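Enquirer: Predicted model follows, preceded by the sequence.
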Amino acid sequence: MNLGIFGTGYVGLVSAVCFADLGHSVVAVDKDPEVVARLRRGLPGIYEPGLEEMLTRNLEASRLRFTTHPEEAVCHSEVVFLCVGTPSRSDGSSDLMQVEEVARSLAPLINGYTLIVEKSTVPVNTGRLIDRTLRRFAPAACSYEVASNPEFLREGSAINDFLHPDRIVIGADSEQARSLMLDLYGNDFACPKVVTDVKTAELIKHASNAFLASKISFINMVSNLCEELGIDVTTVSKGIGLDHRIGPHFLNAGLGFGGSCLPKDLKAFMKIAEEHQVDFSLLRAVDRINEDRVGRLLRKIDQALWVVRGKTIGVLGVAFKPDTGDVRGAPSLEVLARLKEAGAVLRVHDPKGAQNLQRIHPPEANFRYAASPYEAATEAHALVILTEWEEFRSLDLARVRSLMCTPIIVDGRNLFAPAELMRKGFEYHTLGRGDVTIPSPQLEILSVS
C-alpha cells in the first residue's frame, strides 16, 4: 500500500520505518529541511534500539523516502497518517496547532479518495475538527474520510510494540474506511483489532494512558505507607502483581512517571472531563501523587547529606526511562534544577540522554557530565539514581564505594537489594522500602580493608 506520514518524531518515524519494513511504500514529511536531510542519510536523530538499522535498510530498498513537500506524500498515498506533536497548553489542554496546520496543508492536495488517519494522541472530537478543516480547504470534487488509529508505542521498545502490538485500535465511520485500515493491518498482525467509531478510538488512547499513570501513582502512594511501617514495597508490588487481574507492569514504586506522553495525556484527559463537567478527581489525585515524588526524593537527599551546598553528587540517569535518550518531562529535570539551586556540585551520567540534557544544562564548573558511572561516583558525597538503566544494576559496587568520599546511595528507582548494599558498606536510601540501610562500623571497616 502507498502511505504518507506527516511528522518524523518518535511516532511518525517509527511508524514510517516499520510500515516500510513490512513492504509498504512510504513517503514521510517534515517541514524542517535539516531533519529531512539527516534522515535521508540514515541518521534518525533519536535513540531507539534497532531504529537506525531498520531506517538504513528501507532507504536502501527504496521503500522509504523523506521530503519537505506535502504534495509528494498526499499525491502518492491511499492513506495519510498525522503523527505531529500535540503538546500541553498552560491549562492542560492539548495544543492542536500542528494538527490543524497539517490538515490545512494537505487539504488542497487531495486528488481521489484519501483516508486521513490520526495517529497523534488527540482529544475526543479532533477527527470532527479535522474533517471541518478539510471541507473548508479541499477541492469540492475530492473524496476523503478521517479515521483514528492511536499509537501505543513505548519509547525503548517502540519497534517491537509496533510490529507485535497487544491490540490495534481502528476508529472509522464508514465501511470503506474500516476495510482499508483492516487491509493495511492484515496478515502481518495477528493481534486483536478493536474496530469502532472515530470518537471512541480517540477516547481509548487517553483512557489507556490515564489508567497506566494511575497504576504508577497507586503503588507510589502505597510505598509512602510502606516507609512508615518498615515494609518493603517491592515485595508488596510482587504480591499484588501476581494477581492476573492486576498484572506486574507499572507497579514499580519510585520517582514516578515522566516523558512526553503520560503527564501530558493525563492533563489533557482531565481537561476534557472538566469541559464536559465530569468529575475526574481520581486523576487529579494521580497527578498530585506523581508530582510529589521529586520532593520526596529531595528530602531523602537532604536527610542523607544534611547540608547539600558544596557537596559533590553523582547523578546516574536523566532520561525519563531506560533505553531512550528522551529527557522531555523527565523527573530528573526538576531534581537537577533544585540540586543546582541548592548549591550542589553535580556530576551527571546517562548512556543516551546526556546529549539532550546539555541543551538545557550546558556544562559548567558545578554541573559536569561524566563519561561513565564510575566517573560520576569519583569523590562524590552521594550517588543519586534517577533512571533504571540495566547497566546501573550491574555496577561493580566495590569499585563505586572505593571511588566515593562517602558511600551514600539515594536510589529513586529501587535498583538494589538493601541487604546487598549494606554488605557492600553503603548507606542506602530508597523510596518505599522501610528504614534507611546503614552499615555497622565493624562492617564498614572490614569492607575498606
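Expert: Perfect, I can see it now.
Enquirer: Provide a list of residues in contact with the residue nearest to residue 230 when sequence neighbours are not counted.
Expert: Once flanking residues are discounted, residue 230 sits nearest to residue 434: 4.1 Å by Cβ to Cβ, 6 or more residues apart in numbering. Any C-beta I mention is one placed from the backbone N, CA and C, and that applies to glycine too. Contact analysis of residue 434 by Cβ atoms under 8 Å, 6 or more residues apart in numbering lists 226-227, 229-232, 418.
Enquirer: How confident was the prediction at residue 434?
Expert: Note for residue 434: predicted pLDDT of 77.
Enquirer: what's the offset of stretch 143-158 from the middle of its chain?
Expert: The chain centre lies 15 Å from the centre of stretch 143-158; the measure is Cα atoms, centre = their mean, to the nearest Å.
Enquirer: now swap in stretch 152-161 and tell me
Expert: Using Cα atoms, centre = their mean, the offset of stretch 152-161 from its chain centre is 10 Å.
Enquirer: Once you drop chain neighbours, what's closest to residue 31?
Expert: What sits nearest to residue 31 in space, not counting adjacent residues and going by Cβ to Cβ, 6+ apart, is residue 68, at 6.0 Å.
Enquirer: circling back to that earlier point, biggest separation within the contacts of residue 434, which pair?
Expert: 229 and 418 (15.3 Å; Cβ to Cβ).
Enquirer: Between the two, which has more neighbouring residues?
Expert: Each of residue 229 and residue 418 has its neighbours counted (other Cβ atoms under 10 Å); residue 418 has more, 20 against 8.
Enquirer: Surely the more buried one and residue 432 touch.
Expert: No: Residue 418 is not in contact with residue 432 according to Cβ atoms under 8 Å; the separation is 11.5 Å.
Enquirer: Now do the shared contacts for these two.
Expert: Residues touching both residue 418 and residue 432 (Cβ under 8 Å, 6+ apart) are residue 232.
Enquirer: quick one: low-confidence ranges for the stretch 301-449 of the chain?
Expert: Applying pLDDT under 70 to the stretch 301-449 of the chain flags the ranges 435-436, 439-449.
Enquirer: one more time with 80
Expert: Scanning the stretch 301-449 of the chain for pLDDT under 80 picks out the ranges 434-449.
Enquirer: can you give me the strands for it?
Expert: Secondary structure of the stretch 301-449 of the chain by DSSP state E, counting those that start in this stretch: the strands cover 312-316, 345-349, 367-369, 382-385, 408-411, 427-429.
Enquirer: what angle sits between the second one and strand 312-316?
Expert: Pointing back at strand 345-349 there. 20 degrees (axes from the mean of the first three to the mean of the last three Cα atoms, to 10 degrees).
Enquirer: list the buried ones in strand 345-349?
Expert: 345-349 (16 or more other Cβ atoms under 10 Å).
Enquirer: Any chance of CSV for those, columns distance to residue 252?
Expert: Formatted as CSV, the buried residues of strand 345-349 follow (distance: Cβ to Cβ, whole Å):
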residue, distance to residue 252
345, 30
346, 25
347, 26
348, 23
349, 21
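Enquirer: Can you tell me which of these lies closest to residue 297?
Expert: When the buried residues of strand 345-349 are compared against residue 297 (criterion: Cβ to Cβ), the nearest one is residue 346, at 14.6 Å.
Enquirer: wouldn't that closest one be in contact with residue 311 here?
Expert: No: counting by Cβ under 8 Å, residue 346 does not reach residue 311; the two are 9.9 Å apart.
Enquirer: Send over stretch 224-234 as CSV, restricted to the C-alpha atoms.
Expert: The C-alpha trace of stretch 224-234 is given here as CSV (Å, rounded to 0.1, in the frame of the first residue of the first chain):
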residue,chain,number,x,y,z
ASN,A,224,4.7,6.0,51.3
LEU,A,225,2.8,3.9,53.8
CYS,A,226,5.4,1.1,53.4
GLU,A,227,8.1,3.6,54.5
GLU,A,228,6.1,4.5,57.7
LEU,A,229,5.5,0.8,58.5
GLY,A,230,9.0,-0.5,57.7
ILE,A,231,7.8,-2.7,54.9
ASP,A,232,9.5,-3.2,51.5
VAL,A,233,7.2,-2.0,48.8
THR,A,234,8.9,-4.3,46.2
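Enquirer: Show me what that stretch is in contact with.
Expert: 219, 222-223, 236, 253, 296, 414, 418, 431-435.
Enquirer: in that stretch, what counts as buried?
Expert: In terms of neighbour count (16+ other Cβ under 10 Å), stretch 224-234 has its buried residues at 224, 226-227, 231-234.
Enquirer: With secondary structure and distance to residue 186 added, can I get those residues in a markdown table?
Expert: Supplementary listing: those in a markdown table, determined by DSSP: H, G, I helix; E, B strand; the rest coil; distance: Cβ to Cβ, whole Å:
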| residue | secondary structure | distance to residue 186 |
| --- | --- | --- |
| 224 | helix | 48 |
| 226 | helix | 48 |
| 227 | helix | 51 |
| 231 | coil | 50 |
| 232 | coil | 48 |
| 233 | helix | 44 |
| 234 | helix | 42 |
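Enquirer: ok, the residue nearest the centre of the chain to residue 143 distance?
Expert: For the chain, the residue sitting closest to the mean C-alpha position, by Cα atoms, centre = their mean, is residue 259 at 4.0 Å. Residue 259 sits 38 Å away from residue 143, going by Cβ to Cβ, to the nearest Å.
Enquirer: Equivalent analysis for residue 15, please.
Expert: Applying Cβ to Cβ, the value for residue 15 to residue 143 is 24 Å.
Enquirer: what about those two, which has more around it?
Expert: Neighbours were counted for residue 15 and for residue 143 using other Cβ under 10 Å; residue 15 has more, 24 against 13.
Enquirer: For residue 116, which residues are in contact?
Expert: Residue 116 sits next to 80, 82, 103, 106, 130, 134, 144-147 when contact means Cβ under 8 Å, 6+ apart.
Enquirer: mind running it again at 10 Å?
Expert: Residues in contact with residue 116 (Cβ atoms under 10 Å, 6 or more residues apart in numbering) are 4, 6, 74, 77, 79-82, 102-103, 106-107, 110, 127, 130-131, 133-134, 138, 144-147, 177.
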